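Q: Turn this into a structure:
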Amino acid sequence: MIDKFSELFDSPELRRKILFSLGAIAVFRIGAAIPIPGVNGEALSAIFNAQRGGILSFLNIFSGGALSRFSIFSMGVMPYINASIIMSLLQGAHVFPYLDRLHKEGELGRRKLNSLTRYLTLFLASFQSFGLTLMISKFPIPGNVPLVSDPSWGFYVVTVLTLTAGTIFVMWLGEQITEQGIGNGVSLLIFAGIVDQIPGAAINFIKLIQAEEIGLLMALAIAAMLLGIILSVVWVETAQRKIPVQYAKRVVGRKMYGGAQSYLPLKVDQSGVIAVIFAVSLLAVPMTVVQFAPTSPWAQKMAEFLNSGNWIYELFYAGLIVFFCYFYNSVSINPVDLAENMKKSGGFIPGYRPGEPTSKYIEWVLERITLGGALFVAAICVLPDVARRQVNIPFYFGGTALLIVVGVALDTMGQLEAQLIMRHYEGFLKKGRLRQRWFNVGT
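A: Sure thing, here's the model as predicted:
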């Protein structure tokens, strides 16, 4: 294992990518710790400590604890994720033909779509930052302790501009990690925010055991549950359904080609943590609307519903996860294209004719394994929260955070392994070229 880690830094290019990703994450964590002036941070932290669970806790986790500090990165990457969801839904629904044309134009069209997503992110960030500023300035607090010392127009303007600029910077930072670093930049930033809170949660857990607020058996049961969730997530995230593919034999000249058997791997959970991130982002939309009138009765009822974590909320959350699992698969995997490519290369699935019957079979398999993966992901995100409320665990324990941490870690490790394989492959080719040059010189 130590040798594998040392190999990561042997290649200058891979070392540069790893150091760039770590540096970008460090910049994000520093920005998440810089509070906006004029806000009572202690009172705000007390509110978040009192309201554990629900959408507020989700948003605080996704921002890496920046929301509870009301820092310059309080909104994190949520506006960017919401903009990506809107653009994906518009493309999938074929509402605007212009977006469909851009999607088919290759790299140039992809760049234009990314530019439109950034503009939409700017609009959503401005809208959400204004609502968040209003909520902070008018949030009712027991004891009449004001969250904002001077809620003037100057405070509103500076805060909205700061939050919007912070979101745009975080979006740019995530894109830079994706292009020049290792892994998906947005997922890694969310991963870093969650991991940053793990040591503090572990220390608080030990203190609760020492204070006998949690019994030894309960502590062992919680640890066993955490271990079981991690193992099950690793098992499902790496599970695949392998469809056998047979290639026909063909004679070219005096040689026979083909006849080999391969597999078409389909992951059980193709979307990974993307479906969970999309679901939480969509749940944040009603909270954004509530921020514009936090003292009104309907807003208070909506906020109570979103933060209470009742069974209607949990069912809606689970339904969103299942929906986005299927939606992601419909966008990322096209059974018709897979069948056509297989047909062009002379491959076929035993028992199914090439073309439309093959695409229908692939779609049939994909729908069924996606249902199992989606239900598993929904259960991992919902059941730990239900168990936490049933046994009255005195700290926040969510399966969503564990799923994101394990899923992003597995995805990043897979990309690192691919980089290592590519590096060794290039080294082998270089040696081959040197030998060829030597033989050419000798002749």
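Q: From what I see, residue 214 and residue 208 are in contact.
A: Yes. Here residue 214 reaches residue 208: they are 4.6 Å apart, a contact under C-beta atoms under 8 Å. Bear in mind the C-beta positions are built from the backbone N, C-alpha and C, glycine included.
Q: okay, these two: which has more neighbours?
A: residue 214 (20 against 16; other C-beta atoms under 10 Å).
Q: low-confidence ranges in the chain?
A: Residue ranges of the chain with pLDDT under 70: 1-8, 46, 48-58, 92-95, 138-146, 249-259, 291-295, 303-309, 389-398, 423-443.
Q: all strands for it, in order.
A: Along the chain, the segments classed as strands by DSSP state E run 240-247, 250-252, 255-257, 261-267, 347-348.
Q: closest one to residue 80 among these?
A: Among those, strand 261-267 comes nearest to residue 80, with 25.0 Å by C-beta to C-beta.
Q: And for residue 129, the neighbour number?
A: For residue 129, using other C-beta under 10 Å, the count is 25.
Q: From residue 405, how far off is it?
A: 28 Å (C-beta to C-beta, to the nearest Å).
Q: My read is that residue 339 contacts residue 359, right?
A: Yes. The criterion here is C-beta under 8 Å, and residue 339 meets it with residue 359 at 3.8 Å.
Q: Mind checking which of those two has more residues around it?
A: Using other C-beta under 10 Å as the criterion, residue 339 and residue 359 rank with residue 339 on top: 25 against 20.
Q: ok, back up a step: want to throw the strands of the chain into a markdown table with distance to residue 97 and mean neighbour count?
A: Formatted as a markdown table, the strands of the chain follow (distance: least, C-beta to C-beta, whole Å; neighbours: other C-beta atoms under 10 Å):
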| stretch | distance to residue 97 | mean neighbour count |
| --- | --- | --- |
| strand 240-247 | 34 | 15 |
| strand 250-252 | 42 | 9 |
| strand 255-257 | 43 | 10 |
| strand 261-267 | 31 | 14 |
| strand 347-348 | 34 | 20 |
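Q: Between those strands, which one is closest to residue 188.
A: strand 261-267 (20.0 Å).
Q: Tell me how many other residues surround residue 134.
A: 18.
Q: Equivalent analysis for residue 111, please.
A: Neighbour number of residue 111 under other C-beta under 10 Å is 12.
Q: ditto for residue 203
A: So residue 203, with other C-beta under 10 Å, has 10 neighbours.
Q: So that it lines up with my notes, have the first residue be 621 from now on.
A: Okay, using 621 as the starting number, the last item reads as residue 823.
Q: Would you quantify the distance from it to residue 952?
A: 40 Å.
Q: what's the answer for residue 1030, then?
A: From residue 1030 to residue 952 the distance is 17 Å (C-beta to C-beta).
Q: And these two? Which one has more around it.
A: For the pair residue 1030 and residue 952, the greater number of neighbours falls to residue 1030 (16 against 10), based on other C-beta under 10 Å.
Q: nearest spatial neighbour of that one, skipping sequence neighbours?
A: Excluding the flanking residues, the one nearest residue 1030 by C-beta to C-beta, 6 or more residues apart in numbering is residue 857, at 5.2 Å.
Q: Residue 868 too?
A: Excluding its sequence neighbours, the residue lying closest to residue 868 (C-beta to C-beta, 6+ apart) is residue 966, at 4.8 Å.
Q: give me every residue that touches residue 696.
A: By C-beta atoms under 8 Å, 6 or more residues apart in numbering, residue 696 lies in contact with 679, 682-684, 686-687, 787, 790, 809-810, 813.
Q: could you redo the last one with a cut-off of 10 Å?
A: Listed by C-beta atoms under 10 Å, 6 or more residues apart in numbering, the contact set of residue 696 reads 648, 652, 679-684, 686-687, 786-787, 790-791, 794, 806, 809-810, 813.
Q: ok, now residue 895?
A: 889, 940-949, 993-994, 997-998, 1001, 1023.
Q: Burial check on residue 945, number of neighbours?
A: Residue 945: 27 neighbours (other C-beta under 10 Å).
Q: what about the spatially closest residue to it that is not a sequence neighbour, distance to residue 947?
A: Residue nearest to residue 945 in three dimensions, not counting chain neighbours: residue 994, with 3.7 Å by C-beta to C-beta, 6+ apart. The gap separating residue 994 from residue 947 is 10 Å, by C-beta to C-beta.
Q: Mutual contacts of the two, please.
A: 891, 895.
Q: Give me the more crowded residue out of the two.
A: residue 994 (25 against 18).
Q: That one touches residue 949, doesn't it?
A: Yes. Counting by C-beta atoms under 10 Å, residue 994 touches residue 949, with 9.2 Å between them.
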